[in-house]
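K.L.:
Below is the sequence, then the predicted model.
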Amino acid sequence: MDWKYVAGFFDGEGTITKAEKRYRIYVTQTSREVLDSICQLADVGSVKPIKKRKSHWQNAWVYYITDKHKIRYFLRQVYPYLVVKKQLASKALEDIDEKITNDYRRTEIKKSRIQKITSLRAQGLSYRAIGKEMNIDWGYARKLVKGLK
């Protein structure tokens with residue numbers, strides 16, 4: 001099993017979905033062994049059984065990935081070999097990269113605010129004064145610092 005095989009399998013049997021700004025990857029199959037092998041190679045995602053809707057249907061399983069970092073990893077591995085889902089994977093990677101970059105920026109802004117609030121509190125300023133100083137809601141300033149304890 002290699003990434004070329006996984007890409008071909010994913011092209012034929014897989015799905016990339018987007019709901020509420022979050023991507024998901026699914027691959028359904030009646031052969032659990034194949035999905036377990038993909039999961040083992042990728043080292044991301046999970047395999048779970050799908051409930052039968054009709055008693056005469058075969059057992060089926062789904063390999064799925066829901067975490068944006070893990071989806072990005074998976075798509076980057078299979079992307080060079082995709083044919084059918086190449087354009088969809090490209091859009092998903094673009095969106096996920098932007099989301100991760102924005103998350104990082106927000107985290108950095110939050111850290112910076114926490115440092116400034118902590119410094120101003122050490123100087124004896126109240127949260128209301130800090131809010132005015134930093135042009136943010138004083139309750140938010142308090143919540144940021146109190147969340148650290």
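P.N.:
Nice, thanks for sending it over. Residues are numbered from 1 along each chain as shown.

K.L.:
Just give me the longest strand of the chain.
P.N.:
Longest strand of the chain, by residue count under DSSP state E: strand 22-29.

K.L.:
per-residue confidence averaged over the helix or strand following that one?
P.N.:
The C-terminal neighbour of strand 22-29 among helices and strands, as given by DSSP states H and E, is helix 32-42. Helix 32-42 carries an average pLDDT of 94.

K.L.:
Tell me how this protein divides into domains.
P.N.:
3-84, 105-146 (automatic domain parsing).

K.L.:
returning to what we had before: alpha carbons of the longest strand of the chain, as PDB, please.
P.N.:
Listed next in PDB are the C-alpha coordinates belonging to strand 22-29 (Å, rounded to 0.1, in the frame of the first residue of the first chain):
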ATOM      1  CA  ARG A  22     -15.500  22.500   8.100                       C
ATOM      2  CA  TYR A  23     -14.200  19.800   5.800                       C
ATOM      3  CA  ARG A  24     -14.500  16.100   6.200                       C
ATOM      4  CA  ILE A  25     -13.000  13.200   4.300                       C
ATOM      5  CA  TYR A  26     -14.900   9.900   4.000                       C
ATOM      6  CA  VAL A  27     -14.100   6.600   2.200                       C
ATOM      7  CA  THR A  28     -16.700   3.900   2.500                       C
ATOM      8  CA  GLN A  29     -16.100   0.300   1.600                       C
END
